[in-house]
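Enquirer: can't give you the sequence, but here's the structure:
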């Protein structure tokens, strides 16, 4: 009887990677965790190559792709320089770059570009010293709007990270209280930023996002009114308000319809606001999924529930309005329309229990964008690359990764022939497709391809997901190369996922001390790999028969026992392993409690055995009396 740990399984499913420039954040499915335990171990080795010519293979495949290094600096790279400057206390550099990006930004049809993506890219990662550095910056330049705005964004992000994204009744009061304090700080800073510079539309959008955390309120309504009075053409203000009118935030379906009719219904025929009708359809679908999943039941029941809900929720005329909105493709900037349509339809595709509706919208979008959704196109190389990406994404959500790769490759070809406003826009689009190919390759255990595709993305200037390279080397069991690639990712992007994979590479190559350092940093980062990192660190101690240090880690990271924060299979592992530690240290009552808890979240056979033995041992003194 021994502690368990999880194998890596589908590692993509464990990370929630926010791409710096992507309009869409790929939200993976829940982690598929298989269990591995010591003493009676079943080790799963994923196939790979140990060829001494691995580097040559990678270089040859990369040459075949014909990717040319970017000759322009992407917005995400400028954001990275700002993040590093802030972390180093170099506020002059941070101010200069940020001011330049802000000065170049304009309200487009659906976004304030490039400032929105610039801010997102800065805060895709935040080094530990970021909070104190932002305080220093604000103190040194108290009348400047940008330091205040950035500190507001930091408080907003960190508040949601601490709270989690579950409903209030599924979130501990302690987390809710901390969240409220962070939102209070964020609101004070964004108000100060608006006072210092009333001409930045993003500040008003961020204010609405901050206020959304408390649901619909008079303050939210007033902030929206102020925002659209100042910037009537700034679409994100309308989008965040429509989202907040969902029942989950205290709104209602009639209120959503009334809002869209007020602003989109009376807009000119081909005005960007018409896209609110498509977004309304998206939010109705999301609401249906939330309501139906709350009632429990299996997938088939949930799907039937969603269909019934949507039949009631879709008012006469909405589908036609959504179709009319998609016709904007021929009457506006196709590049800008594609980005916004991708954002909305991707959200629909993520609602995997509503395939009937999301699939229908995808087909309508493809038709409106003069494209084909078939796996093998009748007329190849004539699709809009956005449609290719969306079709690939739909296959990826269904688990058909080979089909997803085929469509991503078509997206690559179509994007290569498409017209883009700038070289940066084209490089960014191509790099994002290469990253998706890297994901799909990893999901099929094609680790050499995973490395090649991510290296292509990096050549084009998009570096955030550089940890895919070190993961590929790790799975191919080239641990020294994995360590170096992870180190590169850490140094260039502050990527916390790379701490995890470097820790695993150190562990597998016998460098346990260095592994513990990295795994602890990963666990402390509170990202998608934190639970796995904490478990991996305990296993190092268990392998040394150091049960006390293993127990200390298991008690330190309380998120291991929160099923709203950690996958239930991992919760079962954590309870089982703490049961083992307590058992070895002689605290049999606590051990029994933990084994019993483990069995509530999973069916680990060893937990049954330990539970039975503990019951016997605890009852033994009574039998002798």
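Expert: Perfect, I can see it now. Keep in mind that this is a model prediction, so the values were computed, not measured.

Enquirer: how about the helices in the stretch 501-625 of the chain?
Expert: 512-524, 530-543, 547-556, 568-584, 588-601, 605-624 (DSSP state H, counting those that start in this stretch).

Enquirer: need those helices in a markdown table (columns: mean neighbour count, distance to residue 271 and mean pLDDT).
Expert: Yep, even glycine has a C-beta here, placed from its N, CA and C like the rest. Output for those, formatted as a markdown table (neighbours: other Cβ atoms under 10 Å; distance: least, Cβ to Cβ, whole Å; pLDDT from 0 to 100):
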| stretch | mean neighbour count | distance to residue 271 | mean pLDDT |
| --- | --- | --- | --- |
| helix 512-524 | 20 | 47 | 96 |
| helix 530-543 | 24 | 44 | 96 |
| helix 547-556 | 18 | 54 | 97 |
| helix 568-584 | 25 | 46 | 95 |
| helix 588-601 | 19 | 51 | 95 |
| helix 605-624 | 14 | 60 | 83 |
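
Enquirer: looking at those, which is closest to residue 189?
Expert: helix 512-524 (25.4 Å; Cβ to Cβ).

Enquirer: can you tell me what sits against the closest one?
Expert: 496-497, 499-500, 502-504, 506-507, 529-531, 533-534, 536-537, 540, 544, 553, 557 (Cβ atoms under 8 Å, 6 or more residues apart in numbering).

Enquirer: okay, the angle between that helix and helix 530-543?
Expert: 150 degrees (axes from the mean of the first three to the mean of the last three Cα atoms, to 10 degrees).

Enquirer: can you give the distance of helix 512-524 from its chain's centre?
Expert: 23 Å (Cα atoms, centre = their mean, to the nearest Å).

Enquirer: then stretch 248-261?
Expert: Worked out by Cα atoms, centre = their mean, stretch 248-261 lies 27 Å from the chain centre.

Enquirer: re the thing from before, ok, which of the helices of the stretch 501-625 of the chain comes nearest residue 470?
Expert: helix 512-524 (11.3 Å).

Enquirer: wait, residue 282 touches residue 350, no?
Expert: No. Contact criterion Cβ atoms under 8 Å: residue 282 and residue 350 do not qualify, at 10.1 Å.

Enquirer: returning to that earlier point: for residue 133, find the nearest of the helices of the stretch 501-625 of the chain.
Expert: Using Cβ to Cβ, the nearest of the helices of the stretch 501-625 of the chain to residue 133 is helix 512-524, at 18.4 Å.

Enquirer: after the helix or strand of the chain with the lowest mean pLDDT, which helix or strand is next?
Expert: Least confident helix or strand of the chain, by mean pLDDT, DSSP states H and E, is strand 35-37 with a mean of 33. Once the chain leaves strand 35-37, the next helix or strand it forms, by DSSP states H and E, is helix 54-65.

Enquirer: domain assignment for this protein?
Expert: Per automatic domain parsing, the structural domains of the chain span 4-44+470-624, 75-244.

Enquirer: including distance to residue 339, could the ones you listed go into CSV?
Expert: CSV is the format used below for the domains of the chain (distance: least, Cβ to Cβ, whole Å):
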stretch, distance to residue 339
domain 4-44+470-624, 5
domain 75-244, 7
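
Enquirer: out of those domains, which gets nearest to residue 399?
Expert: domain 4-44+470-624 (8.6 Å).

Enquirer: hey, where'd the helices end up in the stretch 351-500 of the chain?
Expert: Going by DSSP H, counting those that start in this stretch, the stretch 351-500 of the chain shows helices at 355-368, 385-398, 401-417, 423-443, 447-459, 467-475, 479-493, 496-508.
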